[in-house]
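**Student:** Attaching a predicted model along with its sequence, questions to come.
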Amino acid sequence: MGYEPDFLDVALPVPEVDADLVGDVYRLDGSSTLDYTHFSLALSTSRRFARWVAWNIDGTAMHRLPRTGIAFTKDPRLPPEIQVGDEVYAGNRLDRGHLARRADLLWGSLSEAKRANRDSFRFTNITPQVDDFNQSVRQGLWGRLEDALYADVEVDRLRVSVFGGPVLGADDRPYRGVALPREFWKVIASVQSGALRASAFVLTQDLNRVESLEFAEFRVYQVPIAELEARAGLRFAPVLTTADTAPPLAQDLAAREPLTSTDQISWS
């Protein structure tokens, strides 16, 4: 029902949380992985957001379904107090931003796609994002990463597996008792001509002026998976890090030029 590690021609297990963070991951019936239709995640009990989300995309069996009429809801299987809900979004510029992209999940049988559509609106799959940021993301480079992969390279069987989530930093800005993530990450894996390829990205947003009408530009970077592991407190399977397509980069992220076009992405 959830993320399938064997979805591609090579097994890709979910990320492992760093040892010092393992106790912060919520366990349901003994498992640290929460399953939904076509995606799974690990939830931080202290931050009340996902540490990672993993999902599969089958480009041969997609459906177009509306998002209207579906409410954002907490997962009834979990204690409500460990999930950030509507209380942080009222009367400000924060949007409810999907981690696993809704459109990515709408595949399989029609009933599966409808379940995935509803599941994508669980607050466990949501993080606060400044409204301009979130609306721009939907149409901008970040929102088009998976589509760009399909457009730019020949993906075997049109199947893709994706990992993503927020960077839960110790210095994230507190707001209404919730520390708001300012960075997000994504790893997109595919098989190209029989070989596994994986590309990692980081996106930043400025959350210093949530109440104002001004908004600083967000930036997207392609980064090595090893660097992403250190930023997010995660460890990916060696088979994924070996398949990394990131070009050689400067040491400091701030010294690099952000991506301005999908043409700048190294997919293979």
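**Tutor:** Good, I have the coordinates.

**Student:** Show the average pLDDT along whichever strand or helix holds Asp95.
**Tutor:** For Asp95, the host element (DSSP states H and E) is strand 94-98. If you average the pLDDT over strand 94-98, you get 92.

**Student:** Can you list the strands that that strand pairs with?
**Tutor:** On the basis of DSSP bridges, the sheet neighbours of strand 94-98 come out as strand 126-130 (antiparallel).

**Student:** Give the buried residues for the strand it pairs with.
**Tutor:** Across strand 126-130, burial judged by 16 or more other C-beta atoms under 10 Å covers Ile126, Thr127, Pro128, Gln129, Val130. From N, CA and C alone the C-beta is placed, and that goes for glycine too.

**Student:** and what of stretch 55-72?
**Tutor:** Trp55, Asn56, Ile57, Asp58, Gly59, Met62, His63, Leu65.

**Student:** Contacts for the helix or strand following the strand holding Asp95, please.
**Tutor:** Once strand 94-98 ends, the next helix or strand along the chain (criterion: DSSP H and E) is helix 110-119. Residues from elsewhere that reach helix 110-119 (C-beta atoms under 8 Å, 6 or more residues apart in numbering): 36-39, 63, 65, 67, 70, 102, 105-108, 125.

**Student:** hmm, back to that, okay, among the buried residues of stretch 55-72, which ones form the most distant pair?
**Tutor:** Within the buried residues of stretch 55-72, Asn56 and Leu65 form the most distant pair, 17.1 Å apart (C-beta to C-beta).

**Student:** Now do the strands in this protein.
**Tutor:** For the chain, the strands defined by DSSP state E occupy 16-17, 34-36, 39-43, 50-58, 94-98, 126-130, 159-167, 173-175, 178-180, 183-192, 195-204, 219-223, 234-235.

**Student:** Let's have these in CSV, adding distance to Ala246.
**Tutor:** CSV is the format used below for the strands of the chain (distance: least, C-beta to C-beta, whole Å):
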stretch, distance to Ala246
strand 16-17, 21
strand 34-36, 29
strand 39-43, 24
strand 50-58, 19
strand 94-98, 25
strand 126-130, 24
strand 159-167, 15
strand 173-175, 29
strand 178-180, 27
strand 183-192, 11
strand 195-204, 6
strand 219-223, 6
strand 234-235, 16
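
**Student:** how about the ones you listed, which one is nearest Leu28?
**Tutor:** Here strand 34-36 is closest among those (C-beta to C-beta), at 5.9 Å.

**Student:** What strands flank that closest one, and is each parallel or antiparallel?
**Tutor:** Counting by DSSP bridges, the strands paired with strand 34-36 are strand 39-43 (antiparallel).

**Student:** Now do the strand it pairs with against strand 159-167, angle only.
**Tutor:** Counting by axes from the mean of the first three to the mean of the last three C-alpha atoms, to 10 degrees, strand 39-43 lies at 20 degrees to strand 159-167.

**Student:** This completes my enquiry, with thanks.
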